[in-house]
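In: Fold the following.
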Amino acid sequence: MREAVEAVSLHGSQNAAATALNLSRSTFRHRLREAARHGIAPGHFENGTAPGYLMGKVTVQRGPGGIVERTWERQSPGQQEAFDALEAAIEAITQDIKGALPATAAPSNYDADLLTLIPMGDPHFGLLTWSKEVGEDFDLKIAEELTFAAVDRLCALTPSSETAMLLNLGDFYHADNSNNRTPHSGNQLDVDGRFQLIAQVGLRAMIRCIRRLLEKHNKVIVRNNRGNHDPHQAFMLSLALDAMFSNEPRVEIEMTPASFYYYRFGKTLIGSTHGDGAKLADLPLIMASDVPGDWAAATWRVWHCGHFHHDQLKDHPGCTVETHRTLAANDAWHRHAGYRSGRDMKALIYHREHGEISRIRCGLSMLKEAV
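Out: Take a look at the predicted model:
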């Protein structure tokens, strides 16, 4: 970054400096922006920033002849450093609650050849909608009631299996922090209540769902994909759940922070990601590249994604890619844009040798009768 800044002074312009360094103009401009964020910008500031901080707003006062007389710098913690600090704080807090939940009695009978998969499509805990604006009321209380009702109903309707997987497809939380904006684009979000309360209710709902699955299935695997609404909160949710179930040997909280998750059950290879990153059409080759051994050993290969809030299933050579609906209502922006997808949650049953053998759907009308 400093080399890019010095090249501008040496060659007189950004274009000439980019050419001298054999860089594209876009790459060179990116380096200059990063240099400024780290406190390197001749004529304004060049002493860097405090460790872990990035440069924010800078006010420059110039005197006669354009000479800089005074500058005011506003530095703030970088996102990664803030995330690391939050992770450390959550880890410290959860030390006191590890093993807090009593063990749940295992089922006496279950089918060792079955996996029950429940994809949770974008729950959006904390979303607030108004029926007069979007046609449906939705808030934190409704989100918790619908989520547990769906998992409870699916648990009752599915066979007792060796393994159940609760697959949170991302955007479990509507907002990642108390700013109530999407982390990357900064879009304003309609949020129901305080950030701390939303985090608490979401955790409570997941605990209820996991304990219900433990009553029916021998082992429960939980994977929380990070979404574009909750890239940090998703990992915090996994940390808290891992602490709560640390003394429960039948629960596995999957802690990998990677964007792509893979699990092979017999001859079926399951991949999952939120869906806001790589194109859906590219996912089969990404799977083959990431886990070639599992790809070769599998007969059936599937992807389960969220993000789009509607059902779509497409067969590719050797692999199927599927996205799932959500139980959450449309917010004002999506309603205005014309989105009208149905709302449900499903359970998919996989056989160790024969792949998917059945699926069960719980629509919104069924669930409203139970809450």
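In: all helices in the stretch 1-150 of the chain, in order from the N-terminus.
Out: Under the criterion DSSP state H, counting those that start in this stretch, the stretch 1-150 of the chain contains helices at 2-11, 14-20, 25-37, 79-94, 131-134, 140-157.
In: comparing those, which gets the lowest mean pLDDT score?
Out: Of all these, the minimum mean pLDDT falls on helix 79-94 (a mean of 63).
In: Just name the shakiest helix or strand of the protein by mean pLDDT.
Out: Lowest mean confidence among the helices and strands of the chain (mean pLDDT, DSSP states H and E): helix 79-94, at a mean of 63.
In: State the three-state secondary structure for the residue nearest to Arg340 when sequence neighbours are not counted.
Out: Excluding its sequence neighbours, the residue lying closest to Arg340 (C-beta to C-beta, 6 or more residues apart in numbering) is Asn330, at 7.7 Å. Every C-beta, even on glycine, is put in place using the N, C-alpha and C of the backbone. Counting by DSSP: H, G, I helix; E, B strand; the rest coil, the backbone at Asn330 sits in coil.
In: Now Glu144. Nearest residue, chain neighbours left out?
Out: Ala205 (4.6 Å).
In: Which of the helices or strands spans that neighbour?
Out: Counting by DSSP states H and E, the element that carries Ala205 is helix 195-216.
In: Contacts only, for Leu169.
Out: The contact partners of Leu169, by C-beta atoms under 8 Å, 6 or more residues apart in numbering, come to 119-122, 225, 227, 272, 274-275, 304-307, 324.
In: What is the burial count for the residue nearest to Arg340?
Out: Counted with other C-beta atoms under 10 Å, residues neighbouring Asn330 total 23.
In: Output the below-cut-off pLDDT ranges for this structure.
Out: 1, 36-56, 75-100, 370-371 (pLDDT under 70).
In: Could you list the domains of it?
Out: 2-77, 79-368 (automatic domain parsing).
In: Return the most buried member of those domains.
Out: Of those, the one with the most neighbours on average (mean count of other C-beta atoms under 10 Å) is domain 79-368, at a mean of 18.
In: quick one, phi/psi of the nearest residue to His274 once chain neighbours are set aside?
Out: Closest residue in space to His274, ignoring its immediate chain neighbours: Gly170 at 3.2 Å, by C-beta to C-beta, 6+ apart. Dihedral pair for Gly170: phi 110, psi 160, per degrees, to the nearest 10.
In: ok, Gly170 - contacts?
Out: 122, 224-230, 234, 273-276, 306-307.
In: Mind checking which of the residues you listed are in strands?
Out: With DSSP state E as the criterion, strands contain Asn224, Thr273 from among those.
In: Let me know the closest of the contacts of Gly170 to Phe245.
Out: Asn224 (13.1 Å; C-beta to C-beta).
In: That closest one reaches Gln233, doesn't it?
Out: No. Assessed by C-beta atoms under 8 Å, Asn224 is found out of contact with Gln233, at 9.0 Å.
In: Common neighbours of these two, please.
Out: In contact with both Asn224 and Gln233: Phe172, using C-beta under 8 Å, 6+ apart.
In: Against Glu356, how distant is the residue nearest to Glu144?
Out: Per C-beta to C-beta, to the nearest Å, Ala205 is found 27 Å from Glu356.
In: go on, Met366?
Out: For Met366, the distance to Glu356 - C-beta to C-beta - is 22 Å.
In: Same question for Trp295.
Out: 17 Å.
In: do Lys267 as well
Out: 11 Å.
In: rewinding a little: report the contact partners of the residue nearest to Arg340.
Out: Residues in contact with Asn330, defined by C-beta under 8 Å, 6+ apart, are Thr129, Val134, Gly135, Glu136, His309, Tyr339, Arg340.
In: picking that back up, hey, what's in contact with both of Lys267 and Glu356?
Out: Trp300.
In: wait, is Ile270 part of a strand?
Out: Yes. Counting by three-state DSSP, Ile270 is part of a strand.
In: show me what contacts it?
Out: Leu117, Met165, Tyr262, Tyr263, Arg264, Val302, Trp303, His304, Tyr350.
In: Can you add distance to Asp344 and secondary structure and give those back as a markdown table?
Out: Below are the contacts of Ile270 laid out as a markdown table (distance: C-beta to C-beta, whole Å; DSSP: H, G, I helix; E, B strand; the rest coil):
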| residue | distance to Asp344 | secondary structure |
| --- | --- | --- |
| Leu117 | 15 | strand |
| Met165 | 18 | strand |
| Tyr262 | 25 | strand |
| Tyr263 | 23 | strand |
| Arg264 | 27 | strand |
| Val302 | 18 | strand |
| Trp303 | 19 | strand |
| His304 | 14 | strand |
| Tyr350 | 19 | strand |
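In: Format the residues you listed as JSON lines; extra columns: distance to Pro317.
Out: Shown next, in JSON lines, are the contacts of Ile270 (distance: C-beta to C-beta, whole Å):
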{"residue": "Leu117", "distance to Pro317": "23"}
{"residue": "Met165", "distance to Pro317": "25"}
{"residue": "Tyr262", "distance to Pro317": "19"}
{"residue": "Tyr263", "distance to Pro317": "22"}
{"residue": "Arg264", "distance to Pro317": "19"}
{"residue": "Val302", "distance to Pro317": "14"}
{"residue": "Trp303", "distance to Pro317": "14"}
{"residue": "His304", "distance to Pro317": "19"}
{"residue": "Tyr350", "distance to Pro317": "21"}
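In: if we take these, which one ends up nearest to Pro284?
Out: Trp303 (7.5 Å).
In: For the closest one, list each beta-bridge partner.
Out: Gly271, Val321 (DSSP bridges).
In: One more: the one 10 residues further on?
Out: Per DSSP bridges, the residues bridged to Leu313 are Glu322.
In: give the contact list for it.
Out: Counting by C-beta under 8 Å, 6+ apart, Leu313 has contacts Thr320, Val321, Glu322, Thr323.
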